[in-house]
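Peer 1: Pasted the sequence and its predicted model underneath.
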Amino acid sequence: MKSKRTLLIRLAVVLVLIAIGAVMMVIGRGHTVYFDNVALDYNGTHYDALYKVTVYVKDKQVAKLYAKERGMATWIGQNFSMTLEVIETKGGDEEVHTIHVKLPYNMDGIVLNLPALLQGLPEEAYLKEFVSNVPEVPVEEEPGSSDEFDFGADF
Amino acid sequence: MKKEPKDNNWSPSKLNDEMNSVLSTPEASPLQMAQMSPLRRLVASFGLPRLIITAFLLLMFIAAPFTGSDFWTQVSNTINRFSWNAVLVLAMVPMIHSGCGLNFGLPLGIISGLLGATMAIEFGFTGPVSFFMAIVISTPIAIVLGMGYGWLLNKIKGGEMMIATYVGFSSVSFMCMMWLLLPYKSPTMVWGYAGKGLRTTISLEGFYDKVLANFLQINIGTLSIPTGTILFFALLAFLMWAFLHTKTGTAMTALGSNPAFAKAAGINIDKTRMLSVVISTWLAAVGILVYQQGFGFIQLYMAPFYMALPAVSAILIGGASVNKASIANVVIGTFLFQGMVTMTPTVMNSIIQMDMSEVIRVIVSQGMILYALTRKTKGGNN
Amino acid sequence: MKKKKTLRPEGNPIVRFIRNNTVPIMFVLICAVCIPLSGFSPSYLLNEIVTRMGRNIFLILCLLIPIMAGMGLNFGMTLGAMAGEIALIFVADWQIWGIPGVILAMILSIPFSILLGLLCGKLLNMSKGREMITSYIISFFINGLYQLVVLYMMGPIIPIKHFSIKLPRGYGIRNTVSLLNMRQVLDNALSVTIAGVKIPILTFAIIAVLCLFVTWFRKTKLGQDMRAVGQNMEVARAAGINVERTRLISIVISTVIAGFGMIIYLQNMGNLSTYSSHSQIGMFCIAALLVGGASVDKANIGNVFLGVILFHTMFIVAPSAGAKITGDSMIGEYFRVFISYGVITVALVMYEAKKRRAKSLAGHKLAQDQLTEDKEAAQ
């Protein structure tokens, strides 16, 4: 029957749209990734910070970190990859590593500990969620602007 | 060779005709009415939305004492706001009667009033005199603008409402330019550092702030009634009522309710419509002055922009239709509308800790106009 | 008694051309005066215009379908804009960035647009003959509902994760929501710079697809039905067309397109003004369409393009031109507002006047025919 066919087509369209939406949600998830070049202790072992590490994301230099420094980059998607030029100790050789990290979906900000990452430690060592310790400054605003014609608005 | 004109079904020309039996008239024929129970008859004649709004308002009034806000202060506030707005709503009446529909072009009259007010202050009048001088100065401006507006409406019979809205908007934006350019010098009105161009809000202290409200004000405990303003409104309402019962006034009413009869009776349609527009514009000018004396400030620039809508929904809430409106409609409608505007914030705030009043006001007033616009017309050419 | 009107098309062709195209001609004149005054360089102007075209054309195209169906200027396109905004608020909260974010927002806006479009269409069906002012009031009404949802329900009832979007008091969305993470993603994806002018190819490709869709749509059965309904509802009904359903569909399609258009607009701006972005959209789009020579019952794609170029040129140069003439920069801003409203007023007035003239001409013709008939019968 014609109406049954129309119903099926409509259902199919809706399903396709939902599928596309779901895919978009996954591949479009944005994260802010922070890199810490900080010494850490894990399972009793102490890992030193690197002397100098330069971080390249998508072939662009994003950060040059000496010990105790933090850099950041934004990334879309779940499979984060970066290239590191590492000088482990002063006067040492430069090593190039390409690293892939799988980012957890639900975290907005992710902190990666570079020494731990380079040592191949498990995820719980090198990855943690970024929690802002800067208190949200509540900017007092009048909720819902008035009906006044908004002259600042550019059309 | 010109082809037959399309019979446009949307046509704004039909707008007026369609709007002709909106609201107020009972939704049922007399026979049906007789067969209904008294309750249903009440609902049918009063109109469901108005019943809902009245019930809502009663609820607010009842709830008010329990919310910690002083009942009598609330009542005073409502009466106050009523007194400010009543004349503006009254300005709707002449054009409704003459079949020009709802005066969405109210901003034109408001502008005349604003010009009168600012010029009165510029010429140095102060105190209560400035109020009357403002009226005196606005009058010729209102007449001229009203005549132009009326001439335009006569050229586009049928499409009045939509075009009136945009005429109103265009004139407000035009005046925005003028407020900056006109050579005002009075230090209370112009921007301090530039020395030219009017400020957006001008305080009326020392001029005619509360000039009517304080006249014969009645104070009983926390209840205060601005008798002067109400008397002023009553005077204007009485004059309007009297006018509508004169020969010209009756002709005007006939135009709106029964245009065919009016034409057959030899009434000069264009002149009568023009007269109604001029009266409406003048009332709007006075109306904004009354509003200002109650509010305490002159508001220029974009403030008059949307001022037609509350007046339109107030009179519709009061039971008017697009071609029939009475003074009672004005009073009831303004009271219900302003009551809702005043009571909702305080009551809602105390009950649910959220101030939704602005949003509720928008939804109710626009919803009311929508309801009026979407009624099925009785035997209309739909 | 008025003097007898001749039945030839009034006046010579030049007068007729001017009368039919008053608004665009007026605009060309205004622009011609203001452009040299404003002092902008041609490449700057060109760049701005191309950007604005990419930003706005999708939105304005949504107005074509209701005009085709005889429903006049769809002020209810604001509803589609609101649907798009709600979708964007969610996408921003879920932190979906880039082009996937834009696509997700568009998909998400569809159910909202359909819902609002159905509501709008039903109300317009209940108010046949006064669609324009009804859709105008509807946009205000739904704005109230939108504020109810966005200002009060988002947060407590509708979960929103990020505090940066919410107001400090804990519920309701802030006045501006930053869309930095999808700013201009469509424009930058495939852009070409010619002679210093950046042309966003992808955006224009999307616009081209919509134009093709509109053109194709006119030829489908549904499109033909709409045109029939637009010509004469009763005749269409007699021919078996479901008039109410056709009108409803035209509004729903228009609203969905408006939703997409708003998302394209906002991704270009990079910033969502939660409570004011949509309110002037309707008015500006309609003004632009009218400037392009469209009328309340006739509009085509050419009007859209011409209108955008003329209207936005005026929009860009007016403030500076005004400042040069009067020394006050605010004058130009008020001027362009005034012109926008003025142009709609003029277009509406001219439309009405033209209809009355056509009606009276038809009346005269009828009278003439009667006279000749009587004369023949008497012979």
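Peer 2: Structure received. Residues are numbered from 1 along each chain as shown, chains lettered A, B, ... in the order given.
Peer 1: got a list of what residue 51 touches?
Peer 2: No chain specified, so I'll use chain A. A:Y66, A:A67, A:I87, A:E88, A:T89, A:K90, A:G92 (C-beta atoms under 8 Å, 6 or more residues apart in numbering or on different chains). Quick note: C-beta positions are derived from backbone N, CA and C, even for glycine.
Peer 1: oops, I was thinking of chain C
Peer 2: C:D187, C:K198, C:P200, C:N268.
Peer 1: residue in chain A nearest to chain C?
Peer 2: Proximity of chain A to chain C (C-beta to the nearest C-beta) peaks at A:G28, 2.7 Å away.
Peer 1: thought that residue was touching C:P100?
Peer 2: Yes. Applying C-beta atoms under 8 Å, one finds A:G28 in contact with C:P100, separated by 2.7 Å.
Peer 1: what is in contact with these two at once?
Peer 2: Contact with both A:G28 and C:P100 is made by residues A:I76, according to C-beta under 8 Å, 6+ apart.
Peer 1: follow-up on the earlier one: narrow the contacts of C:T51 to just the buried residues.
Peer 2: C:D187, C:K198, C:P200, C:N268 (16 or more other C-beta atoms under 10 Å in any protein chain shown).
Peer 1: quick one: which of the residues you listed sit in strands?
Peer 2: Secondary structure from DSSP state E places C:K198, C:P200 of the buried ones among the contacts of C:T51 in strands.
Peer 1: Now for the buried ones among the contacts of C:T51: which two are most distant?
Peer 2: By the measure C-beta to C-beta, C:K198 and C:N268 form the most distant pair in the buried ones among the contacts of C:T51, at 11.8 Å.
Peer 1: who touches both of those two?
Peer 2: Common contacts of C:K198 and C:N268 (C-beta under 8 Å, 6+ apart): C:T51, C:D187.
Peer 1: Show me the helices in the stretch 51-200 of chain C, by range?
Peer 2: Taking DSSP state H, counting those that start in this stretch as the test, the helices found in the stretch 51-200 of chain C are C:64-68, C:77-93, C:98-125, C:131-147, C:185-189.
Peer 1: oh sorry, the question was meant for chain A
Peer 2: Secondary structure of chain A by DSSP state H: the helices cover A:2-27, A:114-118, A:123-126.
Peer 1: where among the ones you listed is the average confidence lowest?
Peer 2: Among those, helix A:123-126 carries the lowest mean pLDDT, at a mean of 79.
Peer 1: residues in contact with it?
Peer 2: Applying C-beta under 8 Å, 6+ apart, the contact partners of helix A:123-126 are A:L40, A:Y42, A:L112, A:N113, A:L114, A:A116, A:L117.
Peer 1: Let me have these in TSV, extended by distance to chain C and neighbour count.
Peer 2: Output for the contacts of helix A:123-126, formatted as TSV (distance: C-beta to the nearest C-beta, whole Å; neighbours: other C-beta atoms under 10 Å in any protein chain shown):
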residue	distance to chain C	neighbour count
A:L40	27	18
A:Y42	29	16
A:L112	18	20
A:N113	23	23
A:L114	24	27
A:A116	25	21
A:L117	23	20
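Peer 1: quick one: which of the residues you listed is nearest to C:S191?
Peer 2: A:L112 (32.7 Å).
Peer 1: For residue 95, the count of nearby residues, please.
Peer 2: I'll assume chain A. Neighbour count of A:E95, defined by other C-beta atoms under 10 Å in any protein chain shown: 13.
Peer 1: looking at chain C here, not the other one
Peer 2: 21.
Peer 1: Tell me who's in contact with it.
Peer 2: Going by C-beta under 8 Å, 6+ apart, C:Q95 touches A:R29, A:G30, A:H31, A:D108, C:H162, C:N181.
Peer 1: again with A:D93
Peer 2: Counting by C-beta under 8 Å, 6+ apart, A:D93 makes contact with A:I87.
Peer 1: Backbone dihedrals for it, please?
Peer 2: phi -80, psi 160 (degrees, to the nearest 10).
Peer 1: Pull out the buried positions in stretch C:269-276.
Peer 2: C:M269, C:L272, C:S273, C:T274, C:Y275, C:S276.
Peer 1: Could you pull up the residues touching residue 35?
Peer 2: In the absence of a named chain, this looks at chain A. Going by C-beta under 8 Å, 6+ apart, A:F35 touches A:V53, A:V55, A:A63, A:L65, A:R70, A:G71, A:M72, A:A73, A:V111, A:L112, A:L114.
Peer 1: other chain: chain C
Peer 2: C:L45, C:T313, C:V317, C:A321.
Peer 1: Tabulate those (TSV), appending neighbour count and pLDDT.
Peer 2: Listed next are the contacts of C:I35 as TSV, based on neighbours: other C-beta atoms under 10 Å in any protein chain shown; pLDDT from 0 to 100:
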residue	neighbour count	pLDDT
C:L45	17	87
C:T313	23	89
C:V317	24	85
C:A321	25	81
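Peer 1: And the residues you listed, which is closest to chain A?
Peer 2: Proximity of the contacts of C:I35 to chain A (C-beta to the nearest C-beta) peaks at C:T313, which lies at 12.5 Å.
Peer 1: ok, the closest one to C:V23 distance?
Peer 2: 14 Å (C-beta to C-beta, to the nearest Å).
Peer 1: Distance-wise, check C:N74 relative to C:A205.
Peer 2: Counting by C-beta to C-beta - C:N74 and C:A205 are separated by 25 Å.
Peer 1: which of those two has more neighbours?
Peer 2: More neighbours surround C:N74 than the other of C:N74 and C:A205, with 32 against 12 (other C-beta under 10 Å).
Peer 1: sorry, back to before: give me the buried entries from the contacts of A:F35.
Peer 2: Buried, going by 16+ other C-beta under 10 Å: A:V53, A:V55, A:A63, A:L65, A:G71, A:M72, A:A73, A:V111, A:L112, A:L114, out of the contacts of A:F35.
Peer 1: Tell me who's in contact with the fifth one.
Peer 2: Going back to what we said before, that points to A:G71. Taking C-beta under 8 Å, 6+ apart, we find A:G71 in contact with A:Y34, A:F35, A:V55, A:V62, A:A63, A:K64, A:L65.
Peer 1: Which single one of these is nearest to C:L37?
Peer 2: Using C-beta to C-beta, A:V62 comes nearest to C:L37 of the contacts of A:G71, at 46.5 Å.
Peer 1: Please tell me the pLDDT value assigned to residue 120.
Peer 2: If you meant another chain, say so; for now it's chain A. pLDDT, read off for A:G120, is 80.
Peer 1: that's the other chain; I wanted chain C
Peer 2: Looking at C:C120, the pLDDT reads 94.
Peer 1: neighbours around the closest residue to it other than its chain neighbours, how many?
Peer 2: Excluding the flanking residues, the one nearest C:C120 by C-beta to C-beta, 6 or more residues apart in numbering or on different chains is C:G76, at 4.3 Å. The tally of other residues near C:G76 (other C-beta under 10 Å) stands at 31.
Peer 1: again with B:F261
Peer 2: For B:F261, the tally of surrounding residues (other C-beta under 10 Å) stands at 11.
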